[in-house]
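**Student:** sequence unavailable; structure follows:
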């Protein structure tokens with residue numbers, strides 16, 4: 001049974017995930033600084049693990065349909081750590097899109113409900129683009 005209550009472990013996990021995204025963003029802004037990118041990756045993965053649990057994280061990354069994304073994300077992380085941040089971030093971005101492609105429709109609905117962004121995402125040309133990809137996985 002899935003628990004939707006917000007305990008301390010999940011709060012810390014969400015915080016770590018947020019800091020991971022923030023450090024990755026800073027690493028990209030500062031011309032692909034490998035230290036910030038590596039720290040962002042570690043914080044993001046540890047935050048996801050704390051938020052949904054270690055077992056669920058392993059099950060998510062080890063699903064057969066997620067292997068390509070998992071391997072791409074892992075190899076990208078390795079390239080960031082050894083000092084090739086641009087190639088690493090390209091691979092990580094591809095892996096992230098493949099791994100989380102099932103969540104894009106949920107994200108689109110969420111963004112349409114935010115006050116200012118909702119107006120932008122409800123425009124006919126943006127809405128037709130979102131409707132075209134709703135419910136589909138990214139082809140790999």
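**Tutor:** Now that the structure is in, tell me what you want to look at. Bear in mind the structure is a predicted one, so any value in this text is a computation, not a measurement.
**Student:** how about low-confidence regions in the protein?
**Tutor:** Flagging of the chain using pLDDT under 70 yields the residue ranges 1-4, 133-140.
**Student:** and it, what are its domains?
**Tutor:** What the TED database lists as the domains of the chain is 8-101, 104-139.
**Student:** quick one, helices of this structure?
**Tutor:** If DSSP state H is used as the criterion, the helices of the chain fall at 8-29, 34-52, 54-61, 67-82, 85-99, 104-112, 115-121, 124-133.
**Student:** Throw these into TSV and include mean neighbour count, thanks.
**Tutor:** Yep, even glycine has a C-beta here, placed from its N, CA and C like the rest. Shown next, in TSV, are these (neighbours: other Cβ atoms under 10 Å):
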stretch	mean neighbour count
helix 8-29	16
helix 34-52	19
helix 54-61	13
helix 67-82	18
helix 85-99	19
helix 104-112	14
helix 115-121	11
helix 124-133	11
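**Student:** nearest spatial neighbour of the residue nearest the centre of the chain, skipping sequence neighbours?
**Tutor:** The C-alpha lying nearest the average C-alpha coordinate of the chain belongs to residue 96 (Cα atoms, centre = their mean; 5.3 Å). Once flanking residues are discounted, residue 96 sits nearest to residue 73: 6.4 Å by Cβ to Cβ, 6 or more residues apart in numbering.
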